[in-house]
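K.L.:
sequence plus the predicted model coming up.
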Amino acid sequence: MIEFLQQLINGLSQGSIYALIALGYTMVFGVLRFINFAHGDVYMLGSFAGFYLGPKVLKQFGEGPSYAGAITVLLLAMVVCAIIGIVIERLCYRPLRDRPKLAVLITAIGVSLFLENGGQFAFGADPKSFPEIITDRAIEIPESWGSLSALTITVSQVIVVGVTIALLFLLRYIVLHTKTGMAMRALSFNPLAAQLMGINNDIVISFTFGLGSAMAGAAGILTSIQQPSIDPLMGINAGLKAFVAAVLGGIGNIPGAALGGILIGLLEALVVGYGNPTYRDPIVFAVLIVILLVKPTGLLGRSEREKV
Amino acid sequence: MRAQLTLIGVLIAFGAASPLIGGINPYYYDILIGVGINIILAVGLNLVNGYTGQFSLGHAGFMAVGAYASSWLTLRFGYSIGNGALSTTTVYLLALLGGGLGAAITGLAVGVPSLRLKGDYLAIVTLGFNEIIKGVIQNAEPLGAQRGLGGMEPHTNFFWTFGFAALTVYVVVSLVNSTYGRGFLAVRDDEIAAEAMGINTTKYKVLAFVLGAFFAGIAGGLYAHFKQFIHPEGFNFMKSVDVVVMVILGGMGSTIGVCIAAALLTILPELLRYVSRIDALPDWLQKTAENRMILYSLLLIILMLTRPQGLFGSRAAVRKKS
C-alpha cells in the first residue's frame, strides 16, 4: 500500500511536467489546428536557459541556492522560451498558414530536428548537470502519521506540483477572464469570424505560442530540479509523452491537457513500479493508439465534423 | 509490355555488372548498397506518403520487422534445411520474402486501425507503432533483445539490392499508372470526393500501407544480410525521418525524384564526412558538416517554405485545398 502511494506521488510530479508541456500542444492546436512537433524541444531549451542563466542569477541573490533566485530563473526561462516560441511561429509557421496541413507538419518536424541537432551542436551532445537552484531533500514525515512516515516526499516534488497548480490557475485566469484570452477562444471557435470582430489573429496566435512555450519553459526548469541531468535530446521523449497526454485529455481542451498529463505520469510510474520498465514508452504509445481508436476526441474533448 | 522488358533488361544488366562491382573499394561498395536499400525504402514510402497522401512516420518499424524476421529465418534454418537440398541463396531469398511478408502483415495490423486517422494524428500513431515495434524487439530474448542480433551470412550483394530496387520501382510505377492505381491519387487529391465517386478509400490506403511495409521489410532483410548485425536502435524514429526526408526532397509522388533523393542523401553524409576533414575550411563549417541532421532539418524547413513540391515533384501532392 505504501509502495503504491509512493508510486502515485512519483507519478504525480512527473505527470505535472507532462501536463505543463501538454498545455502548449493543446493551446496551439486550439488556435491553429496543427501539432507543433517542436514543442518538446522548446521545453529542452527552457532547461538549458536555466542551465546557463542559473549560476549567474543565483549570484545576484547571495551565496548558494535560494527561493528568490529559483523563482527568477523560472521566470527568465519562461520568458526566453516564450520568445523562442514566438520566433518559431513567425519564421516557420506563419508563411505556411494557408498551405496544406502536410507542409506545416513537415516544417514542424524540421524545426524539431533543427532544435535537437542545433542543440547538440551548440551545447554539446553529452548530458549536463543542472545547477542546484534549490536545495532538494526529503521532507520529514512525523512518526505520528504511522506507516505513512515510510513515504519519501522530496522538496522538489512539492515544488513541482505546487508550481504546476499555480501555473494552471494562472492560465485558466488568462484564458477565461482577460480580453486576450477571450480573443484566443474566439479564434479557436472560428478564425474568420474572429477576424471580422476586429481581432488581430496574428497577434493572438503569437501570444498563444508565447504562452504555451512559457509553460514548456517552466516545465524544463521544474524537471531539471528533480532530475539534474539534462541533454539536447531530452525534449523528444517528454514532448511525445506530453502529446499523448494532450490527446488523452482531448486536444484543444486545456483542463483535458492537465488531466491527461497527470494520468500519463501516473501510468508511467505504475508501469515502472510494478511492471517492466522497458515497456514504459511502448505502453504510453499503446494508450495513444487505443484512445485515438476508441474516443479520438479524448476524455474531455468535443467532436468536430470535417467539412467538404 | 515495354515496362516488363525494361525491368528484365535492367535486371540482366545488374546481374552482369554485379561481379565487376563486387570488386570495388569496400567503402564505396558499402555506400552503393546503402543507396540501393534506401531507394527501396523511399520508393515504398512514397507510395504511402506521396501517391496516397497518408503521412507515415513509422517506416523504420517495418524495416525492423523485415530485418529481424529474415535474420531469424536464416539463422534458424539457414544451414539445416533438407541437408542442403536448398541452396543457401534460395534460403536467403525465401527469408527475404518471409521478412517482407512479416512486415506486410505488421503493416496490415498497424494500417487497419491507424488509417482511420489523418494528417498529424496518423504521423504520431505510426511513430508510436515504430516505438512499440522497437520496444517489443528490445524485450524479445530470441532476437537478441538489447544486445542486437548478429551472425547472419553476408548474402546481400549488388545484384540482389539493385534487383529488388528495380522491382520496387517497377511495381510502384506500374501500379500508380494503372487504372486501378488511379485510386491512390484520388484518395490523396480529395478523399471525400473520391469516396463519393465510389472508391473504397480505406482499401486503397491500407493497400498502399501494406505494400510500403512489404518493401520496407525486404529492405530490412537486405540490410541485415549485408551488415551482418542489427540493433533495435538502428530502426528508431530518426531512421524513419531519414526516409521521410528522402521522399520529401525527391518530391512526394515522383518516383524518379525520390530515387535521386535517396541516392543523394545516402552519399551526402559521406561527402560531409570528407568535408569535415578538410582543414582549410573554417572550424564551424567543419563542425556543421559533421552533423548532417542539422542540414537535413534546415533542408526540410527551407524546402517547405520555398519549394514544397520537392526537387522533382508535382504540385498536386502539396496543392492548396480550396
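P.N.:
Cool, got the structure. None of these values were measured; they are calculated from a predicted model.

K.L.:
give me the element the residue of chain B most remote from its centre is part of.
P.N.:
Distance from the centre of chain B peaks at B:Ala280, with 36.8 Å (CA atoms, centre = their mean). In the assignment (DSSP states H and E), B:Ala280 maps to no helix and no strand.

K.L.:
now it: phi and psi?
P.N.:
According to degrees, to the nearest 10, the main-chain angles of B:Ala280 amount to phi -70, psi -20.

K.L.:
and it, how close does it get to B:Pro269?
P.N.:
B:Ala280 is 21 Å from B:Pro269, where distance means CB to CB, to the nearest Å. (Each C-beta comes from the backbone N, C-alpha and C, glycine too.)

K.L.:
pLDDT weak spots in the chain?
P.N.:
All of this is about chain A. Low-confidence segments of chain A (pLDDT under 70): A:302-308.

K.L.:
can you look at chain B instead?
P.N.:
Looking along chain B with the criterion set at pLDDT under 70, you get B:1, B:78-86, B:287-290, B:313-322.

K.L.:
tell me which residue is most central in it.
P.N.:
Centroid check for chain B by CA atoms, centre = their mean gives B:Leu41 as the closest residue, at 1.1 Å.

K.L.:
hmm, that one is touching B:Val245, no?
P.N.:
No. Using CB atoms under 8 Å, B:Leu41 is not in contact with B:Val245; the gap is 11.4 Å.

K.L.:
which residues touch residue 167?
P.N.:
Defaulting to chain A. If you count contacts by CB atoms under 8 Å, 6 or more residues apart in numbering or on different chains, A:Leu167 has them with A:Leu20, A:Met215, A:Ala218.

K.L.:
ah, no, chain B please
P.N.:
Residues near B:Leu167 by CB under 8 Å, 6+ apart: B:Leu7.

K.L.:
quick one: buried residues of the host helix or strand of it?
P.N.:
Under the criterion of DSSP H and E, B:Leu167 resides in helix B:158-177. By 16 or more other CB atoms under 10 Å in any protein chain shown, the buried positions in helix B:158-177 come out as B:158-173, B:175-176.

K.L.:
how many neighbours does A:Gly162 have?
P.N.:
Neighbour count for A:Gly162, taken as other CB atoms under 10 Å in any protein chain shown: 12.

K.L.:
now A:Ala82
P.N.:
The number of residues packed near A:Ala82 is 23, by other CB under 10 Å.

K.L.:
and for B:Leu305?
P.N.:
16.

K.L.:
was I right about it contacting A:Tyr93?
P.N.:
No. Assessed by CB under 8 Å, B:Leu305 is found out of contact with A:Tyr93, at 10.2 Å.

K.L.:
list residues touching both of those two?
P.N.:
The contact sets of B:Leu305 and A:Tyr93 overlap at A:Thr107 (CB under 8 Å, 6+ apart).

K.L.:
residue boundaries of the helices in the chain?
P.N.:
Chain wasn't specified; assuming chain A. A:2-32, A:39-60, A:67-88, A:101-123, A:155-177, A:179-189, A:191-196, A:201-226, A:234-249, A:254-274, A:280-294 (DSSP state H).

K.L.:
actually chain B
P.N.:
Ranges of helices within chain B are B:2-21, B:26-46, B:59-77, B:88-114, B:119-138, B:158-177, B:182-189, B:191-196, B:201-227, B:237-250, B:255-275, B:283-290, B:292-306, based on DSSP H.

K.L.:
mind listing what's buried in the shortest one?
P.N.:
For helix B:191-196, the neighbour count (16+ other CB under 10 Å) marks B:Glu191, B:Ala194 as buried.

K.L.:
so which elements touch that helix?
P.N.:
If contacts are counted by 3 or more CB pairs under 8 Å, 6 or more residues apart in numbering or on different chains; DSSP states H and E, helix B:191-196 sits against helix B:182-189, helix B:201-227.

K.L.:
what is the neighbour count of B:Gln228?
P.N.:
Counted with other CB under 10 Å, the neighbours of B:Gln228 add up to 15.

K.L.:
list phi and psi for the residue lying closest to it once chain neighbours are set aside.
P.N.:
Excluding the flanking residues, the one nearest B:Gln228 by CB to CB, 6 or more residues apart in numbering or on different chains is B:Met152, at 5.1 Å. With angles defined as degrees, to the nearest 10, B:Met152 sits at phi -70, psi 150.

K.L.:
would you mind listing what in the stretch 51-200 of chain A touches chain B?
P.N.:
Taking CB under 8 Å from any CB of the partner chain, the part of the stretch 51-200 of chain A that reaches chain B is made up of A:92, A:95-96, A:98-107, A:109-114, A:116-118, A:120-121.

K.L.:
need the buried ones from these selected in PyMOL.
P.N.:
This is the PyMOL syntax for the buried subset of these, where burial follows 16+ other CB under 10 Å:
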select buried, chain A and resi 92+96+99+100+101+102+103+104+105+106+107+109+110+111+112+113+114+116+117+118+120+121
